[in-house]
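Peer 1: I'd like to go over a predicted model; first the sequence, then the structure.
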Amino acid sequence: GAGVSQSPSNKVTEKGKDVELRCDPISGHTALYWYRQRLGQGLEFLIYFQGNSAPDKSGLPSDRFSAERTGESVSTLTIQRTQQEDSAVYLCASRPPASVWLAGAPGELFFGEGSRLTVL
Amino acid sequence: AQKITQTQPGMFVQEKEAVTLDCTYDTSDPSYGLFWYKQPSSGEMIFLIYQGSYDQQNATEGRYSLNFQKARKSANLVISASQLGDSAMYFCAMREVDSNSGYALNFGKGTSLLVTP
């Protein structure tokens, strides 16, 4: 489809293992965001990529979290030495360049369906 | 500091009735945008409606309208003629210009809406 694609949709892992989550944004979208949503909670901003600029990582909760993006395409969020508190849905969103923002919703984010991570 | 506040963790409404979901926000930026998203149990985030800080009129989109009171910094979502399929989590979000996060949206904690027959 033409939407934001995330994989895996579900991941169960053991405490201490590393996990990698993938996001494939909508083609042509220059900005990409990662959010974390703990059970019953709102969305917590993690990191943002804009074009080829270096991302600001200050929203990442610990140095166990890292993210990369190749140009304006796929991004991966890596969590090393997972802990039980990392259990959450990790949502990726992309956004087109400002020059093509929709008049009715400038800055709208287009979300994937998320990757549900369970750390046992 | 909390920028988006949704004070209603859960709401009930009867089918065909109208319901208002509250949202207040905090910003010193004169240019900002307010969004409402719906998140059904399946988990996807569905954009509903947008209000810009300079918009003179309240936004409307089908059965959704936004009661924007700028001086009070509130942006309540009104759903008219509720349907069973409206049962979901509803999130209010604000777009600001932030040097670290670009135009990231700051989300509230959400309101869970249950529509009853």
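Peer 2: Sure, I can see it.
Peer 1: which strands and helices lie in contact with the helix or strand bottoming out on mean pLDDT in chain B?
Peer 2: In chain B, the helix or strand scored least confidently by mean pLDDT, DSSP states H and E is strand B:105-107, which has a mean of 90. Secondary-structure packing of strand B:105-107 (3 or more Cβ pairs under 8 Å, 6 or more residues apart in numbering or on different chains; DSSP states H and E): strand A:43-50, strand B:88-95. C-beta: built from backbone N, CA, C; applies to glycine.
Peer 1: neighbouring contacts of that strand?
Peer 2: A:35, A:42-43, A:45, A:107, A:109, B:3-4, B:35, B:37, B:91-96 (Cβ atoms under 8 Å, 6 or more residues apart in numbering or on different chains).
Peer 1: give me the buried entries from those.
Peer 2: Buried by 16 or more other Cβ atoms under 10 Å in any protein chain shown: A:35, A:42-43, A:45, A:107, A:109, B:4, B:35, B:37, B:91-96, out of those.
Peer 1: enumerate the residues of chain B near chain A.
Peer 2: B:4, B:33, B:35, B:37, B:42-45, B:47, B:50, B:52, B:91, B:93, B:95, B:100-110 (Cβ under 8 Å from any Cβ of the partner chain).
Peer 1: buried set for stretch B:108-117?
Peer 2: For stretch B:108-117, the neighbour count (16+ other Cβ under 10 Å) marks B:108-113, B:115 as buried.
Peer 1: residue contacts, the residue lying closest to A:Ser75 once chain neighbours are set aside?
Peer 2: Counting by Cβ to Cβ, 6 or more residues apart in numbering or on different chains, A:Arg69 is the residue found nearest to A:Ser75 once chain neighbours are left out, at 4.1 Å. Contact analysis of A:Arg69 by Cβ under 8 Å, 6+ apart lists A:32, A:49, A:55, A:75-76.
Peer 1: biggest separation within those residues, which pair?
Peer 2: Largest separation among the contacts of A:Arg69 by Cβ to Cβ: A:Pro55 and A:Thr76, giving 12.4 Å.
Peer 1: spell out which residues are contacts of both of those two.
Peer 2: Residues touching both A:Pro55 and A:Thr76 (Cβ under 8 Å, 6+ apart): A:67, A:69.
Peer 1: list the buried residues in stretch A:64-78.
Peer 2: So for stretch A:64-78, counting by 16+ other Cβ under 10 Å, buried means A:65, A:67, A:69, A:72, A:75, A:77.
Peer 1: please disregard the earlier target; I meant stretch A:83-94.
Peer 2: A:86-94.
Peer 1: Three-state assignment for A:Glu85, please.
Peer 2: When classified by DSSP: H, G, I helix; E, B strand; the rest coil, A:Glu85 comes out as helix.
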